[in-house]
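In: Next input, structure requested:
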Amino acid sequence: MDNIFKNNILPLKDMLFRLALRITLNRQEAEDVVQDTLLKMWARREEWGNINSLEAMAITICRNQALDYTKKAGRSNMSIDEDRDCHVSANDPSVQLEQKEGLSMVRTVIDGLPEVQRSIMVLREVEGQSFAKIADELGMNESQVRVYLHRARQKIKKKLSTL
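Out: Residues are numbered from 1 along each chain as shown. Okay, the predicted model is just below:
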């Protein structure tokens, strides 16, 4: 059990932290969420043999924990991680400002999406997860994930075209 935890679950802590940070928008709360997630994973170690994906289980627990922290704090929005900003290579300050403003607008539009669409968008576009993995983590089928992602992209496209 210790080896499974060390080899399969502990390496997920950075990804879990990024997910928790995007949901809670608070570094300390995100660290607490990851710690709680790891404790819950350890407490459920007897179930590991029956689980297809420990990673999916950890992500699901982390997401639920982060949403609980957010609800307790009276917040409901999730945001794209500031650390994921694209790094501007242009030397022209006006180009840099324009690119930052564009990214800020996209982030604002994504933050305005319904929670399920935001989660799918972040898991697919930021984390690069497969449709099957997202479906497993969120308890949906792949078709639903694709539909939610399509709708999210359409909403983003529509909102950005009106700005």
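
In: Would you point out the helix or strand in the protein whose mean pLDDT is lowest?
Out: Counting by mean pLDDT, DSSP states H and E, the chain has its least confident helix or strand at helix 93-111, which shows a mean of 72.

In: Packing partners of whichever helix or strand comes after that one?
Out: Remark: after helix 93-111, the chain's next helix or strand is helix 115-121, criterion DSSP states H and E. Packing partners of helix 115-121 (3 or more C-beta pairs under 8 Å, 6 or more residues apart in numbering; DSSP states H and E): helix 93-111, helix 131-138, helix 142-162. In this view, the C-beta of every residue, glycine as well, is placed from N, C-alpha and C.

In: Report the backbone C-alpha coordinates of the shortest one in CSV.
Out: So the one you mean is helix 131-138. What follows is helix 131-138, C-alpha atoms only, in CSV (Å, rounded to 0.1, in the frame of the first residue of the first chain):
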residue,chain,number,x,y,z
PHE,A,131,-12.4,13.0,-23.0
ALA,A,132,-12.5,9.6,-21.4
LYS,A,133,-10.6,10.7,-18.4
ILE,A,134,-12.7,13.8,-17.9
ALA,A,135,-15.9,11.8,-18.3
ASP,A,136,-14.7,9.3,-15.7
GLU,A,137,-13.7,12.1,-13.2
LEU,A,138,-16.9,14.0,-13.6
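
In: Give me the domain ranges for the protein.
Out: 1-78, 91-163 (automatic domain parsing).

In: ok, residue 161 to residue 105 distance?
Out: Applying C-beta to C-beta, to the nearest Å, the value for residue 161 to residue 105 is 11 Å.

In: Of those two, which one has the most company?
Out: Neighbour totals were compared for residue 161 and residue 105, and residue 105 leads with 14 against 7 (other C-beta atoms under 10 Å).

In: Let's check: the centremost residue of the protein is which one?
Out: Nearest to the mean C-alpha position of the chain, by C-alpha atoms, centre = their mean, lies residue 19 at 4.0 Å.

In: State the distance from that one to residue 114.
Out: According to C-beta to C-beta, residue 19 and residue 114 sit 18 Å apart.

In: ok, residue 159 - contacts?
Out: 109, 112 (C-beta atoms under 8 Å, 6 or more residues apart in numbering).
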